[in-house]
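[1] my questions concern the predicted model and sequence given below.
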Amino acid sequence: MLYHVRMDVRIPHDMAAGERADLIAREKAYAQEVQRSGRWPHLWRIAGEYANISIFDVASHDDLHDLLSGLPLFPYLEIAVTPLATHPSDINA
Ligand SMILES: O=C(O)CC1=CCC(=O)O1
């Protein structure tokens, strides 16, 4: 199942620099591990925003929730999920 996910990052401005750096490093490691598994085939920065657009390819809503809630940044993310279905005019479908 494919999902379009927008994540807006809202790290508190008063977080200590070291804590912030550690959080971002752990986020990167987790994100790259999931990408290598094939479940996160697209990760794009939204130009000009501290936000991303991602495509996830996972087995179920529950799998997506588990993946997203495991993100180290999860407490600081505003997340919008759009489940994707096949379009009848898609020549690749
Ligand atoms: O910076 C972001 O967009 C948040 C994020 C998601 C995966 C990652 O490595 O950073």
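    On my side now, so go ahead. Everything quoted here is computed from the prediction, not taken from an experiment. Residues are numbered from 1 along each chain as shown.
[2] interface residues of the protein facing the ligand?
    7, 9, 27-28, 31, 52, 73 (Cβ under 6 Å from any ligand atom). (C-beta placed from N, C-alpha, C; glycine too.)
[3] quick one: buried ones out of those?
    With neighbours counted by 16 or more other Cβ atoms under 10 Å, these contain buried members at 7, 27, 31, 52, 73.
[4] from these, which land in strands?
    7, 52 (DSSP state E).
[5] just send the buried ones among the residues of the chain next to the ligand back as CSV, with distance to residue 43 and pLDDT too.
    Formatted as CSV, those follow (distance: Cβ to Cβ, whole Å; pLDDT from 0 to 100):
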residue, distance to residue 43, pLDDT
7, 10, 99
27, 11, 98
31, 7, 98
52, 6, 98
73, 13, 98
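[6] tabulate the buried ones among the residues of the chain next to the ligand (a markdown table), appending distance to residue 93.
    Listed next are those as a markdown table, based on distance: Cβ to Cβ, whole Å:
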| residue | distance to residue 93 |
| --- | --- |
| 7 | 27 |
| 27 | 33 |
| 31 | 28 |
| 52 | 26 |
| 73 | 33 |
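[7] and which of the buried ones among the residues of the chain next to the ligand is nearest residue 83?
    residue 7 (15.9 Å; Cβ to Cβ).
[8] residue contacts, the most centrally placed residue in the chain?
    In the chain, the centroid-proximal residue (Cα atoms, centre = their mean) is residue 54; its distance is 5.4 Å. With contact taken as Cβ atoms under 8 Å, 6 or more residues apart in numbering, residue 54 is in contact with 4-7, 40, 42-44.
[9] much appreciated, bye for now.
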